[in-house]
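Novice: Structure, please.
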Amino acid sequence: MRISCIGGGPAGLYFALLMKQQNPAHQIEVLERNRPGDTFGWGVVFSDQTLTAMREADPKTAGQILDAFNHWDDIEVHIKGRTLRSGGHGFCGIGRMKLLNILQARCVELGVDLRYQSDVQDDESLDADLIIAADGLNSRVRQKYAATYQPDIDLRQCRFVWLGTAKLFEAFTFDFQQTEWGWFQAHAYRFDDTTSTFIVEAPQAVWEAAGIEAMSKEEGIAFCERLFAKVLDGHKLISNAGHLRGSAQWIRFPRVVCRNWVHHNGNAPVVLMGDAAHTAHFSIGSGTKLALEDAIALARDIGEAQGDLGLALPRYVASRSIEVLRIQNAARNSTEWFENIERHAQLAPEQFAYSLLTRSQRISHENLRLRDAAYVARFEAWLAGGQAVPPMFTPFTLRGLTLKNRVVVSPMAQYSCVDGLARDYHLMHLGARAAGGAGLVFAEMTCTSADARITPGCPGLYTDEQGAAWARIVEFVHANSSSKIAMQLGHAGAKGATRRGWEGIDQPLGAGLDWPLISASPQQYLTEVSQTSRAMTRADMDRVRADFCAATVRAADAGFDWLELHCAHGYLLSSFISPLTNQRSDEYGGSLENRLRYPLKVFKAMRALWPAEKPMSVRISAHDWVMGGTTPEDAVLIAAAFKAAGADLIDVSSGQVSKLEKPTYGRMWQTPFSENIRNRVGIATIAVGAISEADHVNSIIAAGRADLCAVARPHLANPAWTLTEAARIGYQGPAGLDWPLQYLSAKPQLEKEFERQRALAQPAKKEEGVL
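Specialist: Below you'll find the predicted structure:
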């Protein structure tokens with residue numbers, strides 16, 4: 001096979017040597033436009049697991065790289081005069097030039113044809129069966145065939161400069177410095193016996209305000225030396241970007257995502273590899289890792305397909321695109337964390353450092369415990385204000401109410417009422433979950449009038465009989481558990497008069513069974529299927545507000561501990577807030593301030609009637625996931641408005657406003673919205689969305705991303721989810737954990753079973769490739 005690799009970086013060199021090792025008869029050339037000794041950047045970072053994959057692919061090269069590595073286990077965080085350290089992270093660094101030299105020498109040894117100062121202007125002129133486009137971040141090949149590759153390039157918000165220093169850092173070091181213009185941060189790590197990488201980063205606005213754009217290269221470096229003088233300990237900073245002048249060495253990181261990785265130009269397939277195909281922010285240290293793993297994967301797939309590129313290339317793209325997406329999602333979380341230091345710096349140094357360590361959402365609480373149990377124990381003790389307790393089992397107080405732990409049973413539609421009346425089913429459903437150990441149990445969205453229901457099976461609180469039925473359930477929860485119980489009030493709006501979930505979610509009831517619908521503006525939720533709602537009149541607004549007030553009084557009389565107003569998911573009040581569903585031209589439409597006017601009126605009226613000692617929250621959609629809809633920035637303003645109106649907490653969800661939505665799903669996928677609101681608005685939040693393990697809850701609470709975590713479907717499968725998860729992680733209580741006396745005999749058996757499973761299981765691996 002004739003192979004041409006465009007680009008002599010780690011991806012191109014490593015793929016070339018692996019293919020030559022696989023079959024010496026392959027004719028392989030590497031075409032690099034620079035000279036052999038040219039390189040940009042300083043050190044690169046690998047994880048222990050990446051090196052294991054390299055050992056399997058080519059033991060000799062891996063051995064040479066291993067001999068040149070500098071290993072470290074610790075991460076050190078400097079913030080506000082404090083230094084916090086944790087260990088067990090297992091990373092290693094190597095100089096980029098040293099890595100290239102090893103790969104170059106191995107290529108020569110195997111007979112790869114290395115050609116330097118070979119600037120490929122036309123790939124179609126190459127005489128090859130396979131062309132590898134490993135020509136880096138600014139790939140000319142990717143640009144040429146953009147119609148095929150369909151790249152999405154997102155320039156991130158921070159400026160950064162890649163420098164070196166003779167200061168030898170013994171831990172991977174993050175140093176944060178507050179200036180009159182804002183926060184700057186440094187990422188520093190040793191990569192050989194004489195040198196460390198030293199990356200300085202700041203948000204674009206901060207960088208501009210500091211005047212760095214107008215500085216010469218030397219002035220910019222001197223600025224950084226003064227700013228980070230303490231951690232540099234008198235050492236100078238060095239640039240190796242001799243070809244750049246002024247502030248040009250400060251760049252914004254481009255996140256590259258390509259929909260396709262293979263282009264067929266008629267002669268040979270052109271395959272993207274490394275940074276040409278994808279990038280991952282340097283804050284998780286995975287760019288070179290991904291490039292080398294691309295090379296390993298493609299060489300393996302070609303070998304297994306016995307050289308049949310028609311089989312090998314689809315396998316390569318299918319397997320690598322999934323892994324790359326996983327890393328890029330982690331990198332996106334990490335990138336956004338560093339873009340918002342101003343927000344995180346409001347946390348105490350202990351929580352700030354924890355938040356940094358878990359920022360990618362790939363390193364969890366229990367993963368940190370695996371790495372450094374002593375660090376986690378110290379942190380848990382600090383967070384609990386005494387004895388170490390898993391964060392999910394610490395108490396939480398709002399107004400006059402204290403929850404025993406941070407677990408919330410989400411409000412989940414059960415569609416099991418008749419005429420809005422909650423009876424024995426709801427007594428069983430909510431009572432079982434209260435006995436199961438959660439700190440707070442939510443009733444599903446309960447409607448304020450018969451025409452406010454989503455389905456005929458939804459509960460109501462618009463008659464005294466319904467109020468008495470709820471009082472019976474509240475009394476049962478209080479008498480048989482230490483959990484608290486919350487009422488969520490809402491109005492379906494244009495999403496009403498539909499079938500029960502198992503009969504066809506969002507599908508209309510049909511002629512003769514439905515009822516008239518109202519919303520902020522005329523709306524048809526399911527195009528050509530749903531009933532079209534009519535715009536609310538002032539009389540409608542007065543009536544609906546009165547209904548919410550009457551239901552609030554009934555909820556208080558029933559003894560509920562907590563009240564929530566549902567302003568999310570495209571329901572009536574949400575339809576006022578979202579610009580997708582509000583096209584009004586009066587004072588209730590147009591600007592966000594106007595769109596919030598009616599929901600705030602309803603909330604204020606309810607808050608005035610709800611007991612002052614009891615908390616009240618609001619559920620919002622923090623992102624509509626549709627162009628032109630509510631954005632996370634809007635959500636901050638929405639939360640601030642409800643806080644000013646007297647809300648104690650924001651229940652942060654997203655979506656379900658439009659069927660055109662395109663959410664980005666994943667574990668804990670909505671938690672960033674909660675963190676954004678909590679730490680910018682200064683209000684307590686509930687995080688929701690794919691939170692399914694104690695580890696998730698512990699990580700979210702510990703990092704200050706939310707104050708409570710709502711767990712939905714896992715509670716449907718297991719009413720005793722909280723008790724089960726406590727046993728799973730080996731927590732026996734008593735703080736935040738109380739078993740019903742009738743079930744207490746099961747506790748030691750469950751704990752022993754999970755203890756046995758932990759003993760039999762292999763030690764959980766560290767999430768690799770993420771700092």
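
Novice: and Glu755, helix, strand or coil?
Specialist: helix (DSSP: H, G, I helix; E, B strand; the rest coil).

Novice: Hmm, Gly730 and it touching each other?
Specialist: Yes: under the criterion of CB atoms under 8 Å, Glu755 makes contact with Gly730 at 6.8 Å. The way it works is simple: take the backbone N, C-alpha and C, and place the C-beta from them, glycine included.

Novice: Give me the mean pLDDT for whichever helix in the chain runs longest.
Specialist: The residue-count maximum for a helix in the chain (DSSP state H) belongs to helix 309-339. For helix 309-339, mean pLDDT is 94.

Novice: Report the backbone C-alpha coordinates of stretch 161-173 in CSV.
Specialist: Extracted in CSV, the C-alpha atoms of stretch 161-173 (Å, rounded to 0.1, in the frame of the first residue of the first chain):
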residue,chain,number,x,y,z
VAL,A,161,-0.1,32.1,25.4
TRP,A,162,2.1,28.9,25.5
LEU,A,163,5.4,29.7,27.3
GLY,A,164,8.2,27.8,29.1
THR,A,165,10.2,28.4,32.2
ALA,A,166,13.2,26.9,34.0
LYS,A,167,11.2,26.7,37.2
LEU,A,168,10.6,23.0,37.8
PHE,A,169,7.1,22.3,39.0
GLU,A,170,6.8,19.1,41.0
ALA,A,171,3.0,19.0,40.7
PHE,A,172,0.7,20.0,37.9
THR,A,173,0.1,23.6,39.1
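
Novice: Please spell out which residues along it are buried.
Specialist: Residues 161-165, 167-169, 171-173 are the ones in stretch 161-173 that count as buried (16 or more other CB atoms under 10 Å).

Novice: what's the most distant pair in those residues?
Specialist: Greatest spacing in the buried residues of stretch 161-173, by CB to CB: Val161 and Ala171 (21.6 Å).

Novice: Please pull out the lowest mean pLDDT helix or strand from the protein.
Specialist: For the chain, scoring each helix and strand by mean pLDDT, DSSP states H and E identifies strand 43-47 as the least confident one, at a mean of 81.

Novice: before we move on, back to that, so after the longest helix of the chain, what's the next helix or strand?
Specialist: helix 341-344 (DSSP states H and E).

Novice: after that following helix comes which helix or strand?
Specialist: Sequence-wise, the next helix or strand downstream of helix 341-344 (DSSP H and E) is helix 349-357.

Novice: List the buried residues in the helix or strand harbouring Ala639.
Specialist: For Ala639, the host element (DSSP H and E) is helix 632-644. Across helix 632-644, burial judged by 16+ other CB under 10 Å covers 634-636, 638-643.

Novice: Same check on stretch 335-347?
Specialist: Neighbour counts over stretch 335-347 (16+ other CB under 10 Å) mark 335-341, 343-345, 347 as buried.

Novice: Ok, stretch 69-87 next?
Specialist: Within stretch 69-87, the residues scored as buried using 16+ other CB under 10 Å are 69-70, 72, 74-79, 84, 86-87.

Novice: biggest strand in this protein by residues?
Specialist: Using DSSP state E to define each element, the chain has its longest strand at strand 151-165.

Novice: Let me see the mean pLDDT of that strand.
Specialist: If you average the pLDDT over strand 151-165, you get 96.

Novice: Show me what that strand pairs with in its sheet, parallel or antiparallel.
Specialist: When pairing is defined by DSSP bridges, strand 151-165 lines up against strand 196-203 (antiparallel), strand 237-238 (antiparallel), strand 251-258 (antiparallel).

Novice: export those strands to CSV and tack on mean pLDDT?
Specialist: Below are the strands paired with strand 151-165 laid out as CSV (pLDDT from 0 to 100):
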stretch, mean pLDDT
strand 196-203, 97
strand 237-238, 96
strand 251-258, 96
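
Novice: Take these and lay them out in CSV including distance to Trp502 and mean neighbour count.
Specialist: Converted to CSV, the strands paired with strand 151-165 look like this (distance: least, CB to CB, whole Å; neighbours: other CB atoms under 10 Å):
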stretch, distance to Trp502, mean neighbour count
strand 196-203, 48, 24
strand 237-238, 64, 17
strand 251-258, 37, 18
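
Novice: With distance to Leu356 added, can I get those strands in JSON lines?
Specialist: Output for those, formatted as JSON lines (distance: least, CB to CB, whole Å):
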{"stretch": "strand 196-203", "distance to Leu356": "13"}
{"stretch": "strand 237-238", "distance to Leu356": "23"}
{"stretch": "strand 251-258", "distance to Leu356": "18"}
